[in-house]
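*Asks:* attaching a predicted model along with its sequence, questions to come.
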Amino acid sequence: MVTRRKPTEIGGVERVVTSVMEQLAELHPDWRVDAVSAFLHGGWVGRVAGLSDMIASLRLGWRLRNNTADVIFLHCPECFWGIQLLRKKSRNGPPIVAVWHGAGPVRFLILRKPGHPLAWVLAWLRTIGEIRALSADGHVAVHSEIVNDLRFMYGFTRPVTVIGNAVDPKVLDYLSRTERTDECTGLVALWLGQIRYGKGLDVALAAVKEARKELPDLRLIVAGVPAEKPVDGVEWRGVLAPSEVAEIYRRADLLIFPSRYEAFPLVVIEAMAAGLPVIVSDKVPSGIITDGRNGKVVKGHNPSQYVEALRLLADPQIRARISKANVDDARLFGIALTAADYAAVAVSFAGIQ
């Protein structure tokens with residue numbers, strides 16, 4: 001399993017990879033399942049837009065140049081060119097399966113506010129990288145809508161296996177059994193992510209600020225990104241370790257996640273497993289959230305629309321009804337089937353048993 005950052009990192013991709021690796025080890029104890037990453041935990045280079053792409057591609061290429069694995073799952077297809085470059089020099093290597101957690105320039109453009117020059121540069125660089133990755137030996141996408149993007153944007157015609165993201169059963173059980181901490185009072189909303197603009201932190205902050213005029217006890221916990229200046233009603237928790245994620249869910253009453261692009265949001269599934277109603281944008285792919293059952297799906301990113309959702313979910317009876325549905329629905333995203341699908345792909349490309 002190849003990732004930009006170590007699987008012990010906080011990101012959704014890394015948490016999924018960790019769960020898949022653990023489950024594969026249980027399903028096939030005779031297999032050896034390793035992880036290769038470009039950046040160390042907390043390294044600053046991995047956070048530098050543009051430069052990190054170049055360095056990650058070359059680092060991964062160097063680390064995989066003599067790799068003897070039977071199959072490589074590449075969870076950062078934009079880095080494929082560096083692996084391909086150095087693999088050519090070694091003349092051969094194991095088959096590489098590109099795992100698409102998104103496709104196309106949109107998800108890169110929204111890393112910064114519209115018009116930001118770095119956003120266009122980053123989108124261009126990563127789009128070029130994705131085009132190169134189309135020549136990988138095999139392809140997996142975490143949602144069928146990503147397959148559609150590959151077809152429409154790049155004219156890709158080869159087979160793509162859809163394997164959805166999932167949560168480890170141990171995590172599902174822990175979150176579903178965890179009670180909210182006693183220290184929390186009032187209505188507590190949670191935003192958890194690593195990309196401020198792309199994950200709609202600005203919308204969440206604006207919505208909570210407006211909603212507090214009617215719901216003065218409303219508070220917002222912001223986690224996953226470096227803390228900013230103090231704001232009334234906002235608790236900045238900063239960057240978290242994976243072990244701290246469950247505690248953050250335990251402190252909240254609901255998740256607000258106005259993302260501007262999503263492929264398969266693990267944070268939403270985890271929040272559901274914790275029994276939290278979710279407020280999400282309509283950018284969440286179909287088949288994950290049902291409006292009214294799991295929370296509220298809001299069209300667009302107008303903060304006022306999210307205020308209405310916050311007002312609705314301020315009712316504890318509504319939250320209790322949704323909470324039960326979410327705990328049940330989250331179990332549809334268990335890791336066992338996901339790992340089995342990865343195993344099947346590995347067998348098909350490497351001929352292992």
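*Replies:* Ah, there it is. Numbering: from 1, shown residues only.

*Asks:* show me what whichever helix or strand residue 221 is part of is packed against.
*Replies:* When elements are assigned from DSSP states H and E, residue 221 belongs to strand 219-223. If contacts are counted by 3 or more Cβ pairs under 8 Å, 6 or more residues apart in numbering; DSSP states H and E, strand 219-223 sits against strand 188-192, helix 201-211, strand 234-238. Where you see a C-beta, it was placed from the backbone N, CA and C, and this is true even at glycine.

*Asks:* how far away is residue 315 from residue 303?
*Replies:* Per Cβ to Cβ, to the nearest Å, residue 315 is found 20 Å from residue 303.

*Asks:* from the neighbour counts alone, determine which of those two ranks first.
*Replies:* residue 303 (20 against 11; other Cβ atoms under 10 Å).

*Asks:* I'd guessed that one sits against residue 201; true?
*Replies:* No: the criterion here is Cβ atoms under 8 Å, and residue 303 misses it with residue 201 at 11.6 Å.

*Asks:* what about residue 224, neighbour count?
*Replies:* Neighbours of residue 224 using other Cβ under 10 Å come to 21.

*Asks:* can you tell me how far it sits from residue 199?
*Replies:* According to Cβ to Cβ, residue 224 and residue 199 sit 8 Å apart.

*Asks:* residues near residue 285, how many?
*Replies:* Around residue 285 there are 17 other residues, counting by other Cβ under 10 Å.

*Asks:* how about the secondary structure of it?
*Replies:* Assigned with DSSP: H, G, I helix; E, B strand; the rest coil, residue 285 falls in the coil class.

*Asks:* what does the strand holding residue 221 rub up against?
*Replies:* Around strand 219-223, the neighbours that count as contacts under Cβ atoms under 8 Å, 6 or more residues apart in numbering are 186-192, 201, 204-205, 208, 233-238, 240, 248, 251-252, 256.

*Asks:* returning to that earlier point: shared neighbours, residue 303 and residue 201?
*Replies:* By Cβ under 8 Å, 6+ apart, no residue touches both residue 303 and residue 201.

*Asks:* could you list the domains of this protein?
*Replies:* Domain segmentation of the chain under automatic domain parsing yields 2-166+334-350, 169-333.

*Asks:* start and end of the shortest one, how far apart?
*Replies:* Which is domain 169-333. Using Cα to Cα, to the nearest Å, the end-to-end distance of domain 169-333 comes out at 9 Å.

*Asks:* again, but for the first one
*Replies:* Across domain 2-166+334-350, the terminal residues are separated by 16 Å (Cα to Cα).

*Asks:* for the residue nearest to residue 326 when sequence neighbours are not counted, give me its contacts.
*Replies:* Nearest-residue entry for residue 326: residue 272, 3.9 Å, with adjacent residues in sequence omitted and distances by Cβ to Cβ, 6 or more residues apart in numbering. When contacts are counted by Cβ under 8 Å, 6+ apart, residue 272 touches 278, 294, 326, 327, 329, 330.

*Asks:* doesn't residue 272 lie inside a strand?
*Replies:* No: according to three-state DSSP, residue 272 belongs to no strand; its state is helix.

*Asks:* per-residue confidence for it?
*Replies:* Note for residue 272: predicted pLDDT of 94.

*Asks:* then residue 247?
*Replies:* Per-residue confidence (pLDDT) for residue 247: 85.

*Asks:* that one in helix, strand or coil?
*Replies:* Secondary structure, three-state DSSP: residue 247 is helix.

*Asks:* how many residues are close by it?
*Replies:* The number of residues packed around residue 247, counting by other Cβ under 10 Å, is 13.

*Asks:* look up how far residue 33 lies from it.
*Replies:* 28 Å.
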